[in-house]
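1. What follows is a predicted structure for the sequence shown.
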Amino acid sequence: MLIYLIRHSMTPGNKKRCYIGSTDESLCKEGIELLARYQYPTAQMLITSPMRRCIETAEYIYPDMQSNSLVELRECDFGRFEGMNYEELKDDPVYQEWISKEGKIPFPDGEDQMMFRERCVIGFDKAVERFYKNGVKEGALVVHGGTIMAILEKYARPVEDFYHWKVDNGQGFTIEVNEVTWFGDCNDRYVVVKEKLNREEQ
């Protein structure tokens, strides 16, 4: 089974390099223009995060497909950092402490980073099962950058850390799930990263 992990396109907050998690932004003009520059593979089934930016991206890439959403695939709630960028936060001692801990401590008034990653993995497991039950051989997930990073940190082969899997808006990865090992008695769950989805039209 091939699965295409696609990060949503650009929003106003993304343009300003802000932490945009629970804020339900739409795509900006540049985000729509960005999608027109990329080619995306066809898919038999489409699953998204419930956030508006993911749904709008999915509608643009796959206009003739009906999507389903999984709440577990939504982005992290950045709490006090939500809607702010590095320049606005760099003098905040709480932010500096968060950076010093490599982003592994909870966001103040927001979501625990480790719980967020576990949630994303649960959502991915549900998506794979849904694809499998529907006989899907090529499925697409239109989600968030953090969601993709969490999924691949957990399951990708070769193994890499969370931040290795960071991708820009509109980009992502093609991954392969071995259905025999994933659903078999050994329950050996991993994915093989086949290629990065960043092909631009000439």
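-> Ah, there it is. Numbers count the residues shown, from 1 in each chain.

2. and for the longest helix anywhere in the chain, what are the contacting residues?
-> Ordering each helix of the chain by length in residues (DSSP state H) puts helix 113-133 first. Applying CB atoms under 8 Å, 6 or more residues apart in numbering, the contact partners of helix 113-133 are 1, 3, 45, 47, 68, 70-73, 76-77, 103-107, 139, 141, 146-147, 150-151, 153-155, 162, 177, 179, 182-183, 189. C-beta coordinates here come from the backbone N, C-alpha and C atoms, glycine included.

3. now stretch 41-58
-> 2, 4, 6, 8-9, 11, 24-27, 31, 35, 62, 65-71, 73-75, 127, 130-131, 134, 136-144, 147, 170, 174, 197.

4. Enumerate the positions of that stretch that are buried.
-> 43, 45-49, 51, 53-58 (16 or more other CB atoms under 10 Å).

5. mind listing the strands for this structure?
-> Secondary structure of the chain, counting by DSSP state E: strands at 2-7, 45-48, 67-69, 138-143, 156-157, 172-177, 191-197.

6. Who are the packing partners of the longest one?
-> In this case it means strand 191-197. If you count contacts as 3 or more CB pairs under 8 Å, 6 or more residues apart in numbering; DSSP states H and E, strand 191-197 packs onto strand 2-7, helix 145-155, strand 156-157, strand 172-177.

7. Give me the sheet partners of the first one and which way each runs.
-> On the basis of DSSP bridges, the sheet neighbours of strand 2-7 come out as strand 138-143 (parallel), strand 172-177 (antiparallel).

8. Tell me which of the ones you listed sits most buried.
-> Mean neighbours per residue, mean count of other CB atoms under 10 Å, is largest over those for strand 138-143, with a mean of 26.

9. Kindly export that strand (C-alpha atoms) in CSV.
-> Written as CSV, here are the backbone C-alpha positions of strand 138-143 (Å, rounded to 0.1, in the frame of the first residue of the first chain):
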residue,chain,number,x,y,z
GLU,A,138,-2.9,4.3,-3.0
GLY,A,139,-4.2,6.6,-0.3
ALA,A,140,-3.6,10.3,0.5
LEU,A,141,-3.4,12.1,3.8
VAL,A,142,-3.5,15.9,3.7
VAL,A,143,-2.3,16.9,7.1
